[in-house]
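Novice: what would the 3D arrangement of this be:
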Amino acid sequence: MQGTSPLSAAGAEGPGRVSRATAILITLLAYIPAVLSMMTIGVIVPLIEPLTRQLGATRAQLGMSIALISVPTAIFATVGGGLIDRYGVQRSMLFALAICALGSVAASQAGSLATFDAAMVLAGIGFGGLCVGSPCLIMSALVGADRTRAMSLWSTFAPVGYSAGLLLAVPYTGRSASEAALLTLAMLMAAAFLVVLAAFRRVASREAPTHDSARQSIGRILAVLREPGAVRLGIAVALPNGVSYGTSLAAPAYLARVHHLTIATSSVAVAVAPIAAMVIGAAVMGYLLSRAVSATVLFASMVATGLAAQAILFVPIGGMLLATAALVMWLFAFGGMAGTAMTLLPAVVSDPERGGAASGLVNQCISVASFAAPSAWLALRTGSEFLLVAAACLLVSLVALPRPDKRRAALVPGGA
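Specialist: Have a look, this model is predicted:
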């Protein structure tokens, strides 16, 4: 075998430390493309009504179309991670970003539900490539506290991207200009492609694609499934994501019912719960982990905080103001859980050359949980049911959180 994989340079010896400016640049190169890929969903959701008229579809059909974005990642993320190991993270991320832009253009020009669905699958392929490739970039280029902070921040890309997409769509909702909104997003992605391409040329590459045979690549992908740490991390990250997604779907109708509000009022309350709380949660966890605080202790504290928030939210012991505060508290806890767990990714694979496949496995678990969350949470009715399901998921995630051995934990500050 020739060359090294995205993670080979970040193995036990690891690459040398980079300057603070370079660490920030690499973090942005991983974060911004992932945020842009998630903006597709945020742009489409406020435009569902004009899209129903444009495509002659129902809201339920468009809901399924949106769900198609997560399908490629749910099915092929581990395989995609193996391909990133084979062809290189920088090339793979640029390809995925281009695919995302093409998906937005195709969606803007769709004249039927079938062509719109195809565009969503195309966008989903790019989305999955960036979800898997971005952590690989961080792991291959950064070490120590820089890598811990970057990975923790990266874990917040999904809600930040969704919110940014909503903001981008605002100027177009009154004019039913779904085509213009999606084309604007595509132009942002194209501009990001050029910026990322130029930035990659300025950042010294610490990885090169492997030259394994197809059989060896498949073997590496299958070997990840036998890595208990990687599988456990996938479960530990996926379940809080499922709880968060389910909460965002179920909370508006539940709060409207128990607090005797209109669905519009409760939806606004859910929407204005500061998304910054999640980013702050992840940033705080990244800082504490970089100071060698135990990841298990931090994750457990965020699980306890999250359970308290869920209890306040779904047990009507106060008014709407208290429920909104509980949403902020939940977002903080979820950001802390996601940030803490993702910092363990470099330490859960015994072979650094399988880092892409491990990242793919984790993201595949997240996509499966996100795909299952709507039907599970929307089937629940009472606050006690919401709380019991959330508690079960969060406690299982805590049990599943891997505890790397001392050699691997040394790769991540606070990893033990």
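
Novice: just for the stretch 301-416 of the chain, where's the confidence low?
Specialist: 349-356, 404-416 (pLDDT under 70).

Novice: helices along that one, start to end?
Specialist: 320-342, 355-378, 383-400, 406-409 (DSSP state H, counting those that start in this stretch).

Novice: of those, give the one that comes closest to Ala60.
Specialist: helix 355-378 (11.4 Å; Cβ to Cβ). Any C-beta I mention is one placed from the backbone N, CA and C, and that applies to glycine too.

Novice: okay, buried residues for that closest one please.
Specialist: 355-371, 373-374, 376-377 (16 or more other Cβ atoms under 10 Å).

Novice: now the helices of the stretch 301-416 of the chain as JSON lines including distance to Ser140?
Specialist: Output for these, formatted as JSON lines (distance: least, Cβ to Cβ, whole Å):
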{"stretch": "helix 320-342", "distance to Ser140": "15"}
{"stretch": "helix 355-378", "distance to Ser140": "7"}
{"stretch": "helix 383-400", "distance to Ser140": "26"}
{"stretch": "helix 406-409", "distance to Ser140": "17"}
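
Novice: and of the ones you listed, who's closest to Ala190?
Specialist: Here helix 355-378 is closest among those (Cβ to Cβ), at 24.2 Å.

Novice: what packs against the closest one?
Specialist: helix 71-87, helix 113-141, helix 214-224, helix 228-258, helix 383-400 (3 or more Cβ pairs under 8 Å, 6 or more residues apart in numbering; DSSP states H and E).

Novice: quick check: mean pLDDT of the helix or strand harbouring Leu51?
Specialist: Element membership of Leu51 [criterion: DSSP states H and E] is helix 48-55. Averaging pLDDT along helix 48-55 gives 84.

Novice: give the buried residues for that helix.
Specialist: Those would be 48, 50-52, 54-55, for helix 48-55 by 16+ other Cβ under 10 Å.

Novice: put the alpha carbons of that helix into PDB.
Specialist: Extracted in PDB, the C-alpha atoms of helix 48-55 (Å, rounded to 0.1, in the frame of the first residue of the first chain):
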ATOM      1  CA  ILE A  48     -43.500  24.000   1.100                       C
ATOM      2  CA  GLU A  49     -46.700  25.800   0.200                       C
ATOM      3  CA  PRO A  50     -45.500  27.300  -3.100                       C
ATOM      4  CA  LEU A  51     -43.800  24.000  -3.900                       C
ATOM      5  CA  THR A  52     -47.000  22.100  -3.500                       C
ATOM      6  CA  ARG A  53     -48.500  24.300  -6.200                       C
ATOM      7  CA  GLN A  54     -45.500  24.200  -8.400                       C
ATOM      8  CA  LEU A  55     -45.100  20.400  -8.200                       C
END
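
Novice: give me the next element, helix or strand, following that helix.
Specialist: helix 59-67.

Novice: and that next one with helix 113-141, angle?
Specialist: 30 degrees (axes from the mean of the first three to the mean of the last three Cα atoms, to 10 degrees).

Novice: in helix 59-67, which residues are buried?
Specialist: Result for helix 59-67 [16+ other Cβ under 10 Å]: buried residues 62, 65, 67.

Novice: make CSV out of the residues you listed and add pLDDT and distance to Ser178.
Specialist: Conversion of these to CSV gives the following (pLDDT from 0 to 100; distance: Cβ to Cβ, whole Å):
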residue, pLDDT, distance to Ser178
Leu62, 83, 11
Ser65, 84, 12
Ala67, 79, 18
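
Novice: thinking again about what came up before, mind putting the buried residues of helix 48-55 into CSV with distance to Asp146?
Specialist: Below are these laid out as CSV (distance: Cβ to Cβ, whole Å):
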residue, distance to Asp146
Ile48, 41
Pro50, 44
Leu51, 42
Thr52, 46
Gln54, 46
Leu55, 45
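
Novice: ok, the residues you listed vs Ala96, which is closest?
Specialist: Leu51 (24.5 Å).

Novice: I'd like the buried residues of helix 59-67 laid out as TSV, including distance to Ser155.
Specialist: TSV is the format used below for the buried residues of helix 59-67 (distance: Cβ to Cβ, whole Å):
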residue	distance to Ser155
Leu62	28
Ser65	26
Ala67	22
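
Novice: buried sites along the helix or strand harbouring Val297?
Specialist: Using DSSP H and E, the element containing Val297 is helix 295-314. For helix 295-314, a neighbour-count test (16+ other Cβ under 10 Å) marks 295-296, 298-299, 301-303, 305-307, 309-314 as buried.

Novice: stretch 143-162 now?
Specialist: So, applying 16+ other Cβ under 10 Å, buried residues of stretch 143-162: 143, 145-162.

Novice: okay, now the domains of this protein?
Specialist: 8-223, 227-409 (automatic domain parsing).

Novice: tell me how far the first one lies from the chain's centre.
Specialist: What that stands for is domain 8-223. 10 Å (Cα atoms, centre = their mean, to the nearest Å).

Novice: where's Arg381 relative to Tyr245, distance?
Specialist: 18 Å (Cβ to Cβ, to the nearest Å).

Novice: which one of these two has more residues nearby?
Specialist: Tyr245 (21 against 12; other Cβ atoms under 10 Å).
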